[in-house]
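Student: structure for this input, please:
(3 chains)
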Amino acid sequence: MGIPGGAKLRRVARFLLFSTIALALGGCTLPTFGGFRGATTQGQAEFKLWSWMTMAGLVVAAIVWGLILWAVIAYRRRDPDKMPRQFHSNAFVEVIYTAVPLIIIGVIFFYTVKTENTVDALAPHPAVTVRVTGFQWGWSFSYRDPQGKQIALVETAQARPPVLAGNPTSAEYPQFVLPLGETTQIVLESADVVHGFYIPAFNFSRYALPGVTNNFDFTPVHTGVFAGHCAQYCGLYHAEMLFSVRVVRPGAFQAWLSTQPASGAAT
Amino acid sequence: MTLLADRPAVVEEGSDHEHGAGPSGFLKWVTSTDHKVIGKNYTVTAVIFFLLAGAMAMLIRAQLANPDSTLLSQHTYNEMFTMHGSLMIYLFVGPVAFGGLANYIVPLQIGAPDMAFPRLNALSYWLYLGGGSLMMLGFLTTGSAADFGWVAYAPLSNSINTPGAGPDLWIVALILTGFSAIFTGVNLVTTIYYLRAPGMTMFRMPIFTWNMLVTGILILIAFPVFTSALVLLWCDRHLGAHIFEVSGGGVPVLWQDLFWFFGHPEVYILALPFFGIVTDVIAVFSRKPIFGYRGMVFATMSIAALSTSVWAHHMFTTGVVLLPFFSLMSYLIAVPTGIKFFNWIGTMWRGSVKFDTPMLFAIGFLVTFLLGGVSGILLASPPVDFATHDTYFVVAHFHSVVMSLVMAAFAGFFFWYPKMTGRMLREGLGKATFWLMLVGANVTFLPQYLLGLKGMPRRIAEYAASDGFTTLNRISSAGSVLLFLSVAIFLVNVVVSWWKPIPAGDNPWDASSLEWATSSPPPHHNFLKIPPIRSQRPVWDYNHPEDRIIEHAKARPGGFVASGGVGTVLLADVNVDGEDTLETRDPDR
Amino acid sequence: MKIESYVLLFVGFFFGLVGLVYWLWSHEDAGSVMLLGTFLLGSVPGFYYLWWSRRMRPRPSDDPDATLEDGAGVVGAFPGSSIWPFVLGLGATFVALAFVFGAWTLGVGLFLAVAALVGVVYESRRGGLV
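Tutor: Numbers count the residues shown, from 1 in each chain, chains lettered A, B, ... in the order given. Now for the predicted structure:
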């Protein structure tokens, strides 16, 4: 080893240092850990919390795994006749490992509430209102004007879904459209059982709960087509209760809206 | 003094009536009220349900190994995951802990001759077996077994969406097992409160017994709510009660409140016994007392209490619950759980750790449970839960937890099997079981975290190739094969131990609690002699007098220090007209 | 007996506090009622045990210095074996079946259950394996 190993070690240390600084400076370089970065402002807020919490969690986990490994290796039984000293407590250590987790969860709770308020915030005057209804086994997306009158309708065409689930973004499944950069309020209801309105790329899901109307906002920040699923098990064809959402620029959105029939698809 | 002290004492002086002379074979299985026989019945029955549920899990993994899979129909798939969850949660993990291991071990650990209510104990088992059989009977009905998920959310669970006898059988089965659990809870608490041996104060009980006491109280908190909710659900289905139906003015989300008020404590009813097993196993194989014993007890009680005030964290995405309250309470569970973790490590610290199979499983538990715990913290945050709720991330989270509990259960099996049968399990086969299970559990469930993050919802019968879920699902299915092999090797191990027995002796692990003072298997009514109880480790004190910790060494006449040897005997064990009356006698008289 | 009562009082205290906070914060009925029930489940027997623990002679199992001789005396009467739990369990299962498939198993179930209750009462009065 010697000097070359030392140089390598220094390189690794420098890399770690720079990547930590980069992480601390720019939120956009936060590691994803397999999650979506979020295609809405709400989803991005969630992503930031997710990323930081996962980093903190993995650091804590690594420390504890390390301690377990250390205890197992360092104190393995070498001499079967030697008896370890019989002690059973250490007040200092015990206070430390009660207090430190309390502080950690205090910090996490603070940011959780902050993020939660961002994600759940409702704009007083949303640009678009879509009333989404989940039913066995499909969705209907009803666009409303400020007076509550339906101006466009997209819904699952077939009452009984095809035998096998296809691509959620394909034409078999309903696709609703949202304008980029504007806030859309979703009014979510269920016609029968509990469904889960889930758009992975938006980092968001909410139950369509019978008897309850749920309101939440989406403010998309990326154009594109995103898959949607029913997340809450709702009976036989739960796997096929798919939909997608297309985010387009506001001009294109208005153009799309004007071509939609107000009373639903002809089928 | 004791609960049963006012019963007529019928004792024949000098009687050396040999016990175990009662019925044998089938009749013994049906009539025994001995906690050891009932405990074994429970364990074997629960393991059979475990194997059935495991077979269903293999079918589920086979179905999901390919996109557009048609191996199972959607309907069959829905039955499979419903019954897999129901059997595992309601009929395996809980009953094997509080009905099987606790039933067998707790009276032994506190020096009691039996459970406080032996007939009630037997009734618990029969209700459990009856309930379990009724649930399985669903597969033979013309409709199907229950297929509304193990949580049976209303209104999917009403008579329109899930008609037929299968769901009804599921409901009445769980009412029966609910009563069974409540009776066991009453029995455990009473036994621990009233039947401890002299000198076995509350703070000398092994942690396993402590945890079973807390589990017993938790059962009394949680199960009545669930059992009543099931009665309400039955009324909804058959009497049109409309309790959980919007159409009649009911509230569907009430079911979720009632269910999870049971459901979350239930998670800890499953977990606490196994925490106890791991605590005791780590101490024994590190040759040290438990680090932070009192902290451990308070941590157990705090976890139990907090677990009953976090039920709505399963309902964050309903949009109708108080998010900050349930989030904070859920986070707080991390503190006592952390205390437990560090106490486990502290017990190994400066110890002398020996890697017999029970210890390996206990370490496997630590490693796997930590993963479940950390992902649990993430899910306790409502925004993160919005992103991952009802996806495979959640599935992976609770399977990390539950697989760690299964490992702890195996730690318990390997640890107490010699006590229960008088035979050792093979170490080589045991280690093979362990490594396959550790690797298998993580290969199966780590990819599922990523699947959830990619947006794969749970409980979907199939997915399209274009979803991009295929590779991770295949890895996961491959891991499940390893789990299957590990359980198969365990069964081989049991068969080998019957075929070519290795006698265990009374205390093969050099363990410290009272169950190791009696013979393996213990005689009827458990103890012929009991060492004096002067600390948390009476058997250790007796075997290692130079390494004992005596907190109350007042050296009273007849006490440990004065007599220094085997203490008194519990010998009057007479059978008069089928009623056994036990008496403790002074050996000098 | 003191520690035993403290364990239950801890349940009562905790859920009293949490129930109060929850009710004041959320005004949600179902959860508040369940927390109230849990408060009672802990505090009612807890206070009873506390009251009783001050009146009773300390038991040998509460005395850290007790010897096994201190516990000399009758521990209790335990049945050696009994068929009746099995009969009662079978009866309960048949009764449960009646709520799925209709009433005809109810008769069988109730007969078994009543037989078991009579049997178990006789057994514990008279003793002996019936």
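Student: now the residue in the stretch 101-250 of chain B that chain C sits nearest to: closest residue in space, sequence neighbours ignored.
Tutor: Residue of the stretch 101-250 of chain B nearest chain C, by Cβ to the nearest Cβ: B:Trp126 (2.4 Å). For glycine as for every other residue, the C-beta is placed from the backbone atoms N, C-alpha and C. Excluding the flanking residues, the one nearest B:Trp126 by Cβ to Cβ, 6 or more residues apart in numbering or on different chains is C:Gly89, at 2.4 Å.
Student: so what's that neighbour up against?
Tutor: Going by Cβ atoms under 8 Å, 6 or more residues apart in numbering or on different chains, C:Gly89 touches B:Ala122, B:Leu123, B:Tyr125, B:Trp126, B:Leu127, B:Leu129, B:Gly130.
Student: got a pLDDT number for the nearest residue to B:Ala116 once chain neighbours are set aside?
Tutor: With sequence-adjacent residues excluded and distances taken as Cβ to Cβ, 6+ apart, B:Ala116 is closest to B:Thr190, at 4.0 Å. Note on B:Thr190: pLDDT of 95.
Student: could you point out which element follows the helix or strand encompassing B:Phe49?
Tutor: Secondary-structure assignment from DSSP states H and E places B:Phe49 in helix B:35-64. Elements were assigned by DSSP H and E; along the chain past helix B:35-64, the next helix or strand is helix B:74-86.
Student: touching chain A at all, that next one?
Tutor: Yes: judged by Cβ under 8 Å from any Cβ of the partner chain, helix B:74-86 comes into contact with chain A at B:Gln74, B:His75, B:Asn78.
Student: what residues sit buried inside that helix?
Tutor: Across helix B:74-86, burial judged by 16 or more other Cβ atoms under 10 Å in any protein chain shown covers B:Gln74, B:Tyr77, B:Asn78, B:Glu79, B:Met80, B:Phe81, B:Thr82, B:Met83, B:His84, B:Gly85, B:Ser86.
Student: how far away is the second one from B:Met329?
Tutor: Just to be clear, that refers to B:Tyr77. From B:Tyr77 over to B:Met329 the distance is 35 Å, taken as Cβ to Cβ, to the nearest Å.
Student: same check on the fifth one?
Tutor: Taking Cβ to Cβ as the measure, B:Met80 and B:Met329 are separated by 34 Å.
Student: residues near residue 102, how many?
Tutor: I'll assume chain A. For A:Leu102, the number of neighbouring residues by other Cβ atoms under 10 Å in any protein chain shown comes to 13.
Student: can you look at chain B instead?
Tutor: 33.
Student: what's near enough to touch it?
Tutor: By Cβ under 8 Å, 6+ apart, the contact set of B:Ala102 is B:Gly39, B:Leu188, B:Phe208, B:Met212, B:Thr215, B:Pro273.
Student: quick check: pLDDT value at it.
Tutor: The model's pLDDT for B:Ala102 equals 94.
Student: after whichever strand or helix holds it, next one along is what?
Tutor: Secondary-structure assignment from DSSP H and E places B:Ala102 in helix B:102-109. On the C-terminal side of helix B:102-109, the closest following helix or strand by DSSP H and E is helix B:118-137.
Student: list the buried residues of that following helix.
Tutor: Using 16+ other Cβ under 10 Å as the test for burial, helix B:118-137 gives B:118-132, B:134-137.
Student: got it, and stretch A:224-242?
Tutor: Buried residues in stretch A:224-242, counted by 16+ other Cβ under 10 Å: A:226-242.
Student: same check on stretch A:177-194?
Tutor: For stretch A:177-194, burial by neighbour count (16+ other Cβ under 10 Å) applies to A:177-180, A:182-190, A:192-194.
Student: with stretch C:11-23 instead?
Tutor: By 16+ other Cβ under 10 Å, the buried positions in stretch C:11-23 come out as C:Val11, C:Gly12, C:Phe13, C:Phe14, C:Phe15, C:Gly16, C:Val18, C:Gly19, C:Tyr22, C:Trp23.
Student: for the third one, list the residues it contacts.
Tutor: C:Phe13 makes contacts with C:Gly42, C:Ser43, as judged by Cβ under 8 Å, 6+ apart.
Student: which SSE is immediately downstream of the host helix or strand of it?
Tutor: Using DSSP H and E, C:Phe13 sits within helix C:2-26. For helix C:2-26, the following helix or strand on the C-terminal side (DSSP H and E) is helix C:29-55.
Student: return the residues of the stretch 451-589 of chain B in contact with chain A.
Tutor: Contact residues (Cβ under 8 Å from any Cβ) of the stretch 451-589 of chain B with chain A: B:453-455, B:457-464, B:466-467, B:544, B:547-549.
Student: try 7 Å this time
Tutor: Residues of the stretch 451-589 of chain B found near chain A (Cβ under 7 Å from any Cβ of the partner chain) are B:453-455, B:457, B:459-464, B:466, B:547, B:549.
Student: so what's B:Leu453 up against?
Tutor: For B:Leu453, the contacting residues are A:Gly34, A:Gly35, B:Phe393, by Cβ atoms under 7 Å, 6 or more residues apart in numbering or on different chains.
Student: the first one: neighbour count?
Tutor: Burial of A:Gly34, expressed as a neighbour count using other Cβ under 10 Å, amounts to 14.
Student: how close does it get to chain B?
Tutor: Using Cβ to the nearest Cβ, to the nearest Å, A:Gly34 is found at 4 Å from chain B.
Student: quick check: that residue touching B:Leu450?
Tutor: Yes: taking Cβ atoms under 7 Å as the definition, A:Gly34 is a contact partner of B:Leu450 at 4.6 Å.
Student: ok so, going back, the helix holding B:Ala102: how far from the chain's middle?
Tutor: How far helix B:102-109 lies from its chain's middle: 13 Å, per Cα atoms, centre = their mean, to the nearest Å.
Student: the inter-axis angle of that helix versus helix B:35-64?
Tutor: 140 degrees (axes from the mean of the first three to the mean of the last three Cα atoms, to 10 degrees).
Student: and the angle from helix B:102-109 to helix B:118-137?
Tutor: Taking the same axes, to 10 degrees, helix B:102-109 and helix B:118-137 form an angle of 160 degrees between their directions.
Student: can I get the contacts of B:Leu453 in TSV with secondary structure and distance to A:Tyr75?
Tutor: Formatted as TSV, the contacts of B:Leu453 follow (DSSP: H, G, I helix; E, B strand; the rest coil; distance: Cβ to Cβ, whole Å):
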residue	secondary structure	distance to A:Tyr75
A:Gly34	coil	36
A:Gly35	coil	38
B:Phe393	helix	35
